[in-house]
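*Asks:* Structure of the sequence below:
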Amino acid sequence: MNVRRCAAALAASAVLCAGAAPAAFAAPSPSPAPVVPSGLFGKGDPTFDGVWRQSFALLAQQAVGVRPAPQAVGWLTGQQCADGAFAAFRADSGAACDAKTVLDTNATAVAVQALKALGGHDAAVKKGADWLKSVQNEDGGWSYNPGAPSEGSSTPLVISALVAAGEKPADVKSKAGKSAYDALLSFQLGCAAEPAADRGAFGYQVQDGKLPANAGASAASVLAGLGAGPVVAPAAADTPAAALECPAGAKDPAAAAQASAGYLAEALKKDGHLVVKTPGAETVTADVGNTADAVIALAAAGHKQSAAGALEWLKANSAEWSKGNPAALATLVLTAHATGTDPKAFGSTDLVTALNATGPSDAPAATPRQSAAADAGPSADSSKSSGSSNVGIWWIIGLGAVAGVGIGFVMSRRKQQP
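*Replies:* The predicted model follows:
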């Protein structure tokens, strides 16, 4: 869930990822950054996150009662290909998508959820969902780009989108008969996992014969297992998060979601937030993006108190991380919304005003429904999604400047360890 919030900032800084990009996602030759369209949220290069940040910004505005600017909605609808798919960004949306267009399940999933939440886009939502079903892998899951092995981050994102579109994930099956839920559950660490603290977590992909716990995949899987997305209405009841029950384990998606919530709650206890390790080093950095995702997931699972400490940490420490970044600001708006917190007084930041300021200049003023504490917002069934990234510089310090960071650069961020 934690890849796209910083993509524009990363592209703008033109730095190279420490690890080489997989051949399938190799970056193209360096080229000038595209001009940022007037209808798009954010001023950074949208090459790798345009649709993502636009969709999250629209979801957040809708959740707190801000009527999105028609120009912003029109930009998003114009990005959809004829077959229903979305790329991360298409500079010339007037040109038809072709074999060279790099289609993106994550961008498509979040766009589907945003358009569903906005209402009036049923045809586009159905086309997007149909395309997602058409690129389902044999194991029932999805990869970031069609044709690659399934991932524990992309699979739950797509499931949330399918639910938003009115599909039943248990009935969405591959030619091999594997359902979307079959794939989702395959990424959960069970009772045999070591260390025991990782039991119930979800992983991204198997690495060296093991499936490491991954905070982003875990948070996304909580939402998917509950049939929810990031637009979460504050729960009336509150119960403590619980660890995976062993030796029984999780038998269905909802139980798996609760076990993952238990893992996230425990992971948050040590420092009050999640951390990430620098690849190839022992440096540990606060992971603001995944911490916000975890708070939303815990709220969706009915464990607001388990997320209370992390919520307070976010209020005190997220301002610099989110400054000028629409996807980051939107995620924090949705964090506030899920926990019944006023997004206009989130620590020292008025998140709603800050988010609106990154959008089209003709964005309308907020309606009286801005306070998440005063309004539960759209139902979880009508707007679902999740995803993106900590803009901390832990993985780019000291690396040489280059242009054209490419899809491989963004993909490598998905494999971070919690």
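*Asks:* how about the helix or strand encompassing residue 268: buried residues?
*Replies:* Element membership of residue 268 [criterion: DSSP states H and E] is helix 253-269. By neighbour count on 16 or more other CB atoms under 10 Å, the buried set for helix 253-269 is 253, 255-268. (C-beta placed from N, C-alpha, C; glycine too.)
*Asks:* what's the answer for stretch 291-306, then?
*Replies:* 291-304, 306.
*Asks:* Out of those residues, which is nearest to residue 146?
*Replies:* residue 293 (24.3 Å; CB to CB).
*Asks:* For that closest one, which non-adjacent residue is spatially closest?
*Replies:* Spatial nearest neighbour of residue 293, excluding adjacent residues (CB to CB, 6 or more residues apart in numbering): residue 219 at 4.0 Å.
*Asks:* The one you found: how many residues sit nearby?
*Replies:* The number of residues packed near residue 219 is 35, by other CB atoms under 10 Å.
*Asks:* how near is it to residue 228?
*Replies:* 11 Å (CB to CB, to the nearest Å).
*Asks:* I'd assumed residue 135 was in contact with residue 142.
*Replies:* Yes: counting by CB atoms under 8 Å, residue 135 is a contact partner of residue 142 at 6.8 Å.
*Asks:* Spit out the residues that contact those two alike.
*Replies:* Residues touching both residue 142 and residue 135 (CB atoms under 8 Å, 6 or more residues apart in numbering): residue 105.
*Asks:* and the two? which has more neighbours close in?
*Replies:* Per other CB under 10 Å, whichever of residue 142 and residue 135 has more neighbours is residue 142, with 30 against 16.
*Asks:* In what element of secondary structure is that one found?
*Replies:* Counting by DSSP H and E, residue 142 is part of no helix or strand.
*Asks:* quick one, what contacts it?
*Replies:* 105, 132, 135-136, 150-151, 154-155, 157-158, 183.
*Asks:* Let's see that with 10 Å instead.
*Replies:* When contacts are counted by CB atoms under 10 Å, 6 or more residues apart in numbering, residue 142 touches 105-106, 108-109, 132-133, 135-136, 148-151, 153-159, 161, 180, 183.
*Asks:* likewise residue 154?
*Replies:* Contacts of residue 154 by CB under 10 Å, 6+ apart are 104-106, 109, 137, 141-145, 148, 183, 204, 217, 220, 387, 414.
*Asks:* Could you check the pLDDT of the residue located most distally from the centre of the chain?
*Replies:* Each residue of the chain has a distance to the centre, and by CA atoms, centre = their mean the biggest one is for residue 247: 31.2 Å. On the pLDDT scale, residue 247 is placed at 93.
*Asks:* please renumber so the chain begins at 70
*Replies:* Yep, numbering from 70; the last one is residue 316 now.
*Asks:* Tell me how far the residue lying closest to it once chain neighbours are set aside lies from residue 163.
*Replies:* Nearest non-adjacent residue to residue 316, counting by CB to CB, 6+ apart: residue 260, 5.3 Å away. Distance of residue 260 to residue 163, computed by CB to CB: 54 Å.
*Asks:* again with residue 211
*Replies:* Distance, residue 211 to residue 163, using CB to CB: 28 Å.
*Asks:* now do residue 234
*Replies:* 26 Å.
*Asks:* Those two - which one has more neighbours?
*Replies:* A count of neighbours by other CB under 10 Å puts residue 234 above the other of residue 234 and residue 163, at 22 against 6.
*Asks:* Contact partners for that one?
*Replies:* If you count contacts by CB under 10 Å, 6+ apart, then residue 234 has 178, 181-182, 184-185, 191, 194-199, 201-202, 453 around it.
*Asks:* Please tell me how far it sits from residue 317.
*Replies:* In terms of CB to CB, residue 234 sits 33 Å off from residue 317.
*Asks:* now do residue 411
*Replies:* Taking CB to CB, one finds residue 411 at 41 Å from residue 317.
*Asks:* Ok, residue 178 next?
*Replies:* Residue 178 is 31 Å from residue 317, by CB to CB.
*Asks:* More neighbours: which of the two?
*Replies:* residue 178 (32 against 9).
*Asks:* Are we agreed that the more buried one is in a strand?
*Replies:* No: checked against DSSP: H, G, I helix; E, B strand; the rest coil, residue 178 lies outside a strand; its state is helix.
*Asks:* Wait, it touches residue 202, no?
*Replies:* No: Residue 178 sits out of contact with residue 202 when judged by CB atoms under 10 Å, with a separation of 11.7 Å.
*Asks:* overlap in contacts of those two?
*Replies:* 211, 227, 231, 234.
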